[in-house]
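Novice: can you look at this prediction? I've put the sequence above it.
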Amino acid sequence: MPTLRLVGRPFEGFENALKRQMDAFAETTDADVTFERDHRPLPEIHEDLLATGDIADGTYDLFLCLSDWLPMVAEAGYVHPLDGYLSRDPPDDWPDGWAESLRDLMAYDGTTYGIPYHDGPEIFHYREDCFEDVAEQRAFREAYGRPLSVPRTWDEFLEVADFFTRPEEDLWGTVVAAKPDGHNDVYDFAIQLWSRGGRLLDDDGTPAFDSPEGREALQYYHDLIHDHEVVPSEAVEMESVEAGQFYADGKAAMMWNWSGFGAMAERPDSAVFGHTNYGLIPRGDAPDGEHTSLTVCYGLTVPAGSDHPDLAYDFVRHAASPESDRITTLEGASGTRFSTWRDPEIRRSNQFYSMLEAVNTGPVNTLPQIPAYTELNEILNEMVDAVVVEQSKSVEAGLADAADRASDLLD
């Protein structure tokens, strides 16, 4: 009896959805198959499996791969190309049933290596009960001389965050996931940079983040936590799921984070059930400032060392079906198909799905699709750690050191 072993990050939405999808596959496939799942933190997957190449040593048959890593694992030959399978037996509606932006994240150098399973993008989350309360509106106008409204710029965001920061009530203006795990801490810097008109790399692939926009972005992120103190101090130890839960527990008035964490906030047992809404991430206040977003995705891939690649692809195809994608969504992750995003039932229970198609088919940002991105990401992670978490470097020194290291890496 073959056993398919999957490795991916821990997240209740993934774990519950995968269990249901695996059980359904085992019941319907001709093969007598069992499954094992290994859910490991992202840094551990990177250090133990990707940096060593052990992801392809035959231990695993399925890899829930973060799109940041896809160029590196594809270039290294750690995962099977899927084009042959897709031409012979594609999932229903492939490729037009998915946004091009998501398909591109699971491809490298013109070849597809994975099928999107879970999608961002990052959006703005806010508590309507806070913003619509008449007493809060009156108090805000008295304090700031303008109406209380959903912030459109980072300056407005800071004013609103300061207003709602009330530690004695266990309420904070916002929450971020600043834990130096190479995930949201880096993504937060990128969003702050892009929203001010900055770039990570220029058109020639040269590091461009040590710039006035980069300095403003990193300083702002640092100051939210340490100077303005509109973020709980434990945010430097929070990863993205914990930050999403913090918001769902009613402890923050607003946040920018993955759209899928709206599912946490919209569960009936959430402290903000019925009171959360969504909008555009604030932009920089300068003329070059723009509302922006970041999309990454997790895709199901087949490691090169798998003893059962054909059977593993069969499961990938099963997990990409309309029915399975709805399961991914209903269990708390974020499905990736247009059919799911447009589903009336899904939209009724998860308001944020009304935004996903527009964001993913619009001018959404993605991280550099280069094989060296995992190393570049670690440089950026260490920069944010030194400046924001440990506070062992100034903003200027952190950016300059990171830019020098990135230049050496990419030369």
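Specialist: Done, it's in.
Novice: so what touches the strand or helix carrying Ile346?
Specialist: Per DSSP states H and E, Ile346 falls inside helix 344-349. With contact meaning Cβ atoms under 8 Å, 6 or more residues apart in numbering, helix 344-349 is reached by 266, 326, 329-330, 335, 340, 353-354. C-betas here are computed from N, CA, C, even on glycine.
Novice: how about 10 Å then?
Specialist: Contacts of helix 344-349 from elsewhere in the structure, counted by Cβ atoms under 10 Å, 6 or more residues apart in numbering, are 263, 266-268, 325-326, 329-330, 335, 339-341, 343, 353-354, 356.
Novice: with just CA atoms, put stretch 321-334 into CSV.
Specialist: Coordinates of the C-alpha atoms in stretch 321-334 are reproduced here as CSV (Å, rounded to 0.1, in the frame of the first residue of the first chain):
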residue,chain,number,x,y,z
SER,A,321,-11.0,20.5,-8.1
PRO,A,322,-13.8,23.0,-7.5
GLU,A,323,-15.1,20.9,-4.7
SER,A,324,-11.7,20.6,-3.0
ASP,A,325,-11.0,24.3,-3.4
ARG,A,326,-14.3,25.1,-1.6
ILE,A,327,-13.1,22.7,1.2
THR,A,328,-9.8,24.7,1.5
THR,A,329,-11.9,27.8,1.9
LEU,A,330,-14.5,26.4,4.2
GLU,A,331,-11.9,25.1,6.6
GLY,A,332,-10.3,28.5,7.0
ALA,A,333,-7.6,28.7,4.4
SER,A,334,-8.1,30.7,1.1
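Novice: list the buried ones in that stretch?
Specialist: 321-322, 324-334 (16 or more other Cβ atoms under 10 Å).
Novice: and what of stretch 307-316?
Specialist: So for stretch 307-316, counting by 16+ other Cβ under 10 Å, buried means 308-309, 311-316.
Novice: residues making contact with it?
Specialist: For stretch 307-316, using Cβ under 10 Å, 6+ apart, the contacting residues are 2-6, 18, 21-22, 25-26, 29-31, 33, 35, 58, 60-63, 80, 82, 84-86, 88-89, 91, 114-115, 117, 299-303, 306, 324.
Novice: next one: phi and psi at Met254?
Specialist: phi -170, psi 160 (degrees, to the nearest 10).
Novice: for it, which residues are in contact?
Specialist: 124-127, 130-131, 150-151, 157, 160-161, 164, 172-175, 247, 276-277, 279, 282.
Novice: hey, what's it bridged with?
Specialist: Beta bridges link Met254 to Tyr126, Thr174 when assigned by DSSP bridges.
Novice: so where's the stretch 251-400 of the chain uncertain?
Specialist: Of all residues in the stretch 251-400 of the chain, none has pLDDT under 70.
Novice: ok now do Gly262, which residues does it touch?
Specialist: Contacts of Gly262 by Cβ under 10 Å, 6+ apart are 123, 125, 244, 247-248, 276-278, 334, 350-353, 355.
Novice: now the residues you listed as a markdown table including secondary structure and distance to Leu193?
Specialist: Conversion of the contacts of Gly262 to a markdown table gives the following (DSSP: H, G, I helix; E, B strand; the rest coil; distance: Cβ to Cβ, whole Å):
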| residue | secondary structure | distance to Leu193 |
| --- | --- | --- |
| Ile123 | strand | 18 |
| His125 | strand | 21 |
| Gly244 | helix | 22 |
| Tyr247 | helix | 23 |
| Ala248 | helix | 27 |
| Thr276 | strand | 27 |
| Asn277 | strand | 26 |
| Tyr278 | strand | 22 |
| Ser334 | coil | 24 |
| Asn350 | coil | 29 |
| Gln351 | coil | 28 |
| Phe352 | coil | 24 |
| Tyr353 | helix | 28 |
| Met355 | helix | 22 |
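Novice: how does the protein divide into domains?
Specialist: 3-120+295-361, 122-279 (automatic domain parsing).
Novice: on that earlier part again, mind listing which of the buried residues of stretch 321-334 are in helices?
Specialist: Counting by DSSP state H, the buried residues of stretch 321-334 place 322, 324-330 in helices.
Novice: what would those residues look like in CSV with distance to Glu378?
Specialist: As requested, these are exported to CSV (distance: Cβ to Cβ, whole Å):
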residue, distance to Glu378
Pro322, 37
Ser324, 33
Asp325, 32
Arg326, 36
Ile327, 34
Thr328, 29
Thr329, 32
Leu330, 35
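Novice: ok, of the residues you listed, which one's closest to Leu376?
Specialist: Thr328 (29.4 Å; Cβ to Cβ).
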